[in-house]
Structures are given as structure tokens and as C-alpha cells.
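Visitor: Just to be clear, the model below is a prediction. Sequence and coordinates:
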Amino acid sequence: MLAKIYSGCITGVDVYSVDVEIDISGGLPSFSVIGLPDTSIRESRDRIRAAIKNSGFSFPAKKITVNLSPAGIKKEGAGFDLPIAIGILAASGEVDLEQLGETLFCGELSLNGKLKPFRGAFPLAVSLKDRYKIFILPEDNTREAAAVKGMDIYGAGSLRAVIDHLKGIAPIPPAKTTERHTLKHRLKREMDFMDVRGQEYVKRALEVAASGRHNVLLIGPPGSGKSMLAKRFPTILPELTHAEALETSKVYSIAGELKNNGLIYKRPFRDPHHTISYAAMAGGGSWALPGEISLAHNGVLFLDEFPEFRRDVIETLRQPLESGEITIARVERSMKYPSRFLFIAAMNPCPCGYFTDRKKECRCSPYQIQRYLSKVSGPLLDRIDIHIEVPRLDYDDLCGRRRGEPSSVIRERVKNIVDIQRGRFKQRLQHMAYNAYMDIADTEKYCILTKDAEEILKTAILELGISARAYGKILMISRTVADMDSAEKIDSHHISEAIRYRCLDRNLWL
Amino acid sequence: MESRTDRETGRLGEKIARDFLRSRRYLILEKNYFTPFGEIDLIARKNDYTVFVEVKTRVSDPFGSPLYSITRLKQRSIVRNSLSYMKKNGLTEKPCRIDVISIILDGNKELKTLEHIHNAIESGS
């Protein structure tokens, strides 16, 4: 007797449709699974046997062969427990099921027959909704799958519940499509730019960064508010677009972090500790899970105490900052995860932290300072557009009553600038439509300077020794500043402001 | 080395097992069947199934259930013996299985407990 049940699995972010074929024949009883199953699938035989017995069915004393087709792709994960169990029950005649041609089954089984959640329900639903109309999966995966329109999602608690549903004895109601919560809803009392006193200059720089998607390096003494500001940065970024939310949710689903929730609708903010390992940052490890840089996709990656991170861990940032994705090479294959984020780094100006402080004395030797700062030199620094000093707060700011603008106001302005860029870079893909991603041809086309502006720039290059790369960055930043000023041409004050955001270029203290 | 009493116990257990199976409507096909690889205690049939039965007998106060004495090696041997019979009699595509009957006798050689486990040993991986 033969049965075929449809399922799927994910490898990296790729979804594969998998046909679970079950053949039951005579001869001495055995139970084998073929089709390149991984260890957890091979182990699943005992789970499935126990689950079937404990659900009130008898496990056939026959020769059972399960084939996961296509046979040449490695299958992973425990999501095949449910389809295999259903298939065995159908093929042994234990349960009489009609055509299950349009139905997708996925789920892990416990020994007692209960269905447990698996990783990747969301990307599976997104990719396979055109092929299969119905998706039957564990209850705990319902919300994330129900965020996908166009598919009937049925969440069940146990194997028994699935069988009763299929036989019409106890039908499960289809899940309602998970609605996106509106941002107003959620940002009621969360962090806000207003919480930070003073530091208007830094706030302005962060607004420029948010508007043009420029990466930022904050340099300042301990307690100056660098971390506080960085953590509030996502509040001035516009909401995720639907496409961005889908992409980010896929990554989170694979990382097993979606669970009971629907789509991700907030910009991700990841701030790993500086002791993080290579695998945790880049992704990989034995499970080949997405790393911090992928979990920050369409969001913000904040590295506090930047010089304390290991060199090799910092190196992992290069590929994403360049191409927007990370390739993880494993023994049998390599996987690509998306990884496009806004990067914020924070650091002290020297090992003791007080080099640039007006009040406190710095205890470091020039050599120590030199060595400390050189840790952040090189290709990575080249990719950071904005570097600014964050000074310690003075008395007026710290104890004054004056509050800054709320994030919502700043966010509105940022949204307008994002719209301008979208119009400017019409032909591009949406996620590339930002000033920070301009290339040389773009800067020549869109960064037209006034005569005064050219003068200023010339002076800067001659007197401050600005490199070619820095020149390009200054143009990009000044384009954003000009946009914020609703100016078509870049004027001298735009250029000056942009130059001020390149404090390391000026080698003021080296 | 099997002593005479051990062999007697074994024979007694096998008889009890045979009677038990008959009472459960099994047809006894063979007893102490010899294959080129080894011996099968009992071969029986019920409904469509051909059942190969391994009988394990112990006298009272055993060290745990007699079932534990069936090692991996013994299991493989039972499978091999069964397959040999199946091949010889054209049963390789027919429903078959291997059962174990465990018998515990009390001090007077009377039956104390009998356990019949269906499909106790599977072949393959």
C-alpha cells in the first residue's frame, strides 16, 4: 500500500517542497526513512511509533519504507514527524483518508502524540502558498503562518486532533489572518529620543544617519549617553514596509524566534555584547542558524565598546556592509542569509575613556591612545559614513528642564527625506534607494554643488588631507543634509555640516 | 553449558507457550525448527500472519525479566533464522513478525507469569 503526503523544509532561507512517500509491504517488520534525512529525522522513527500508539492507533507490524522526495536534497529538522505519521496511518489502512493533494503537513510529535512547533513555518507558508491551499501544522505555529494571505491554516494540538479533523469528526476552525498591529498601538510608552537630555548636536547627526541610511560611529567618554542614544535610534526610523517585514520575519522564523507571534513589525535592534563569538555574529554553528547580522536585517546593529570586539568577529561585517547578505560556508553546501542593516558603533576615545574630556584627566600614554584608535582603522572604518564626538553633558543640559523633541516628530521628518530619495532613485530596488548607497556615477549626477560649496570642499581637501573615499562620503552626507534643508543644490553650509561629521578624517588628535 | 534441568525447563516453557498460542487460535506450524543458521522455537500462524516465536523460560526469582536476556546478537540471529524460513517457503512478501513469549515458573515448576509480546524484534536499521 502506498501513501503520499506533502510537506516541506527549509535550508538556510530556501524552502523546499518535499513529498513524503510511504510504502507498506509484507516481510519482516522494519521502519526505515530514506532520502538523505538528517539525524533528527532518523531519530524520529521512535517518536512517531510512540506517538501513533499513544494516539489510540496501532502501529503496523509491517515493512515500512518512508521516502523523502526529491531524494538528492538533504532534509533537515523535526517537521516531518507529522506527515510521516499521517502517511503511515493512511498506507496501513488504519485510517481512511481521501485525497490530500492540496494539503501541506508539518510538525514535530512528542511521544504522547502532541504536536510541537517547528522552525520556519512562516517562510514555508510564504513560499508554498501557491502550490498548496491548506496548511495543517502545530497550534503554536499558527500565528506566524496565519500572517500569510491566501492559505487556509489549521493549527492542531495533537496527532489525534489532526486525524479527527481530516475525518470530519472534530473539524478545526481555520485560523484568522494575523493583522499587523499599527505602530501607534505599540509605541505607547517605549524609549524616546526625548529621554536623552541635551546632545542636540548628536541627535541631529543621528537624524541625518536615519534619513540617508548612513552608518555611524559615536566617540565619547563613559556616561556621555552614547548607548542611550543608540538604543533609541530605531524610534526615529520609519516603520518596516510590508516587503521588509516579510523578509525579516523569514529570518526570525528560521532562527526560531517567531514562535507565537505574527509578523515582525518593529525594526530589529541587535546589540550583541563585545564577547560575542564569530559563529553567533555571522551565523552558522552546528545548526546553521542566522547570526546577529541577519537578525538585524532591515534594522540596526549596535556594537558598543567597539574596539573590544575581536578582530575576526568585526571582519564578518564586511560582506554584509558591502553586498547586503552573508554567505555561510559549511562542509556540504553554502547558505546565504540576507543581512542589510544600519550600523552604529560606539567607543571611548582612549583606553581610560577620558582623552577628549574637558574635565577629567586622561591617564593614557600617546602610544596607548594610538594603539587603541588603530583598532578601528581600516576597511571597516571606511564603511562608516558619520563619525562624531559625543561630549560629556554639561550642567545645564544634565539638570535643565528643557526636553528635546519627541521621536515621533523626528520620525516624520525622516520619512519625508526617505520619500525624496525614493523619488530620486526611482529605477532602483526599494532597499537601495538611499543616499548612502550611491556610487560614483550617482554622486556626479545628484550631488551638484554651488560655487561656495565647491570652495569649502576644496579647502577641506587641501588643508585637512581628506582621502578620495572620504570625499565621496562627504558628498553623500551633504546630499542628505541638503535634502533635509529642501535644497536642490548642495550649498556651503551643507558641506560644512557634512565635514563636521567626519571627525576622524580631521586627525584632530592623532 | 546447559544442564539437564535447564533443558527440561526450556522444554517445559515451550510446551506452555504452545498450549497458550493454541488457546489463542494460533495454528502451530513448526516447533524447534532448524535452519542452517540456528533454531526457531516456534512457528505459528494466525489470520494472515506467520509468527516466529522465541520462548524464554525462567524459574522463580529471576534476575529481572527473561526478556533482558535477548541480546542484540541473539536478536540478529533470530531475524536471520526467520528470514531463512521465509525464503524457503516463499513468505518474503507476506505478513510476518517475530514475537517473544516470556515464562516464569514458580518453585514447583508451575506457571507463574506468561508475557506474550507481539512484534518484539524488528529487522533492519
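Guide: In hand now; what should we look at?

Visitor: what separates the residue of the stretch 151-300 of chain A found nearest chain B from A:Val196, distance-wise?
Guide: At 20.4 Å from chain B, A:Leu159 is the closest residue in the stretch 151-300 of chain A, using C-beta to the nearest C-beta. Quick note: C-beta positions are derived from backbone N, CA and C, even for glycine. Computed with C-beta to C-beta, to the nearest Å, the distance linking A:Leu159 and A:Val196 is 54 Å.

Visitor: again, but for A:Leu36
Guide: Distance, A:Leu36 to A:Val196, by C-beta to C-beta: 54 Å.

Visitor: where are the low-confidence patches of the stretch 151-300 of chain A?
Guide: A:178-189, A:259-262, A:286-287 (pLDDT under 70).

Visitor: Tell me the bridge partners for the one residue in chain A that gets nearest to chain B.
Guide: Ranked by C-beta to the nearest C-beta, the top residue of chain A for proximity to chain B is A:Ser30, at 3.5 Å. Beta-bridge pairing of A:Ser30 under DSSP bridges involves A:Lys63.

Visitor: pLDDT score assigned to it?
Guide: We have a pLDDT of 91 for A:Ser30.

Visitor: That one against A:Lys63, yeah?
Guide: Yes: proximity of A:Ser30 to A:Lys63 meets the contact threshold set by C-beta atoms under 8 Å, at 5.3 Å.

Visitor: Which helix or which strand is home to the residue positioned nearest the centre of chain B?
Guide: By C-alpha atoms, centre = their mean, chain B has its centre lying nearest to B:Glu54, at 1.5 Å. Take DSSP states H and E as the rule and B:Glu54 turns out to sit in strand B:49-59.

Visitor: That strand - which strands sit beside it in the sheet, and in what orientation?
Guide: strand B:39-46 (antiparallel), strand B:96-105 (parallel).

Visitor: now stretch A:268-282: how far from the chain's centre is it?
Guide: 12 Å (C-alpha atoms, centre = their mean, to the nearest Å).

Visitor: That one: end-to-end distance?
Guide: Using C-alpha to C-alpha, to the nearest Å, the gap from the first to the last residue of stretch A:268-282 comes to 16 Å.

Visitor: thinking again about what came up before, so for A:Ser30 and A:Lys63, which sits in the more crowded spot?
Guide: A:Lys63 (22 against 15; other C-beta atoms under 10 Å in any protein chain shown).

Visitor: OK, contacts around the more buried one?
Guide: Neighbouring residues of A:Lys63 by C-beta atoms under 8 Å, 6 or more residues apart in numbering or on different chains: A:Ile24, A:Ser25, A:Gly26, A:Gly27, A:Leu28, A:Pro29, A:Ser30.

Visitor: Among those residues, which ones are in strands?
Guide: Using DSSP state E, the subset of the contacts of A:Lys63 located in strands is A:Ile24, A:Ser25, A:Ser30.

Visitor: Excluding chain neighbours, what is closest to the second one?
Guide: Nearest residue to A:Ser25 in three dimensions, chain neighbours excluded: A:Lys63, at 5.0 Å (C-beta to C-beta, 6 or more residues apart in numbering or on different chains).

Visitor: Could you tell me the model confidence score at the one you found?
Guide: We have a pLDDT of 92 for A:Lys63.

Visitor: what's the neighbour count on A:Asp152?
Guide: The number of residues packed around A:Asp152, counting by other C-beta under 10 Å, is 15.

Visitor: my read: it touches A:Leu137, true?
Guide: No: with contact defined as C-beta under 8 Å, A:Asp152 does not reach A:Leu137; the gap is 11.4 Å.

Visitor: following the strand holding B:Glu54, which helix or strand comes up?
Guide: With elements assigned by DSSP H and E, the helix or strand that comes after strand B:49-59 is helix B:72-88.

Visitor: Show me what that following helix is packed against.
Guide: Packing partners of helix B:72-88 (3 or more C-beta pairs under 8 Å, 6 or more residues apart in numbering or on different chains; DSSP states H and E): strand B:39-46, strand B:49-59, strand B:96-105.

Visitor: A:Lys4 and A:Ile86, how far apart?
Guide: Going from A:Lys4 to A:Ile86 by C-beta to C-beta gives 11 Å.

Visitor: Neighbour count: these two, which is higher?
Guide: Shown here are A:Lys4 and A:Ile86; by other C-beta under 10 Å, A:Ile86 has more neighbours (27 against 16).

Visitor: I'd like to check which residues are in contact with A:Leu206.
Guide: A:Val216, A:Leu229, A:Phe233, A:Ile236.

Visitor: and the second one, how many neighbours?
Guide: Other residues near A:Leu229 come to 23 when the count uses other C-beta under 10 Å.

Visitor: again with the last one
Guide: Applying other C-beta under 10 Å, we find 25 other residues in the vicinity of A:Ile236.

Visitor: who touches it in this structure?
Guide: Applying C-beta under 8 Å, 6+ apart, we find A:Ile236 in contact with A:Phe193, A:Leu206, A:Glu207, A:Ala210, A:Ser407, A:Ile410, A:Arg411, A:Val414.

Visitor: List the buried residues of the helix or strand in which the fourth one is found.
Guide: Under DSSP H and E, the secondary-structure element containing A:Ala210 is helix A:200-212. Under the neighbour-count criterion of 16 or more other C-beta atoms under 10 Å in any protein chain shown, helix A:200-212 has A:Val202, A:Lys203, A:Arg204, A:Ala205, A:Leu206, A:Glu207, A:Val208, A:Ala209, A:Ala210, A:Ser211, A:Gly212 buried.

Visitor: again with stretch A:417-424
Guide: Applying 16+ other C-beta under 10 Å to stretch A:417-424 flags A:Ile417, A:Val418, A:Ile420, A:Gln421, A:Arg424 as buried.

Visitor: give me the element the fourth one is part of.
Guide: This points to A:Gln421. Per DSSP H and E, A:Gln421 falls inside helix A:407-424.
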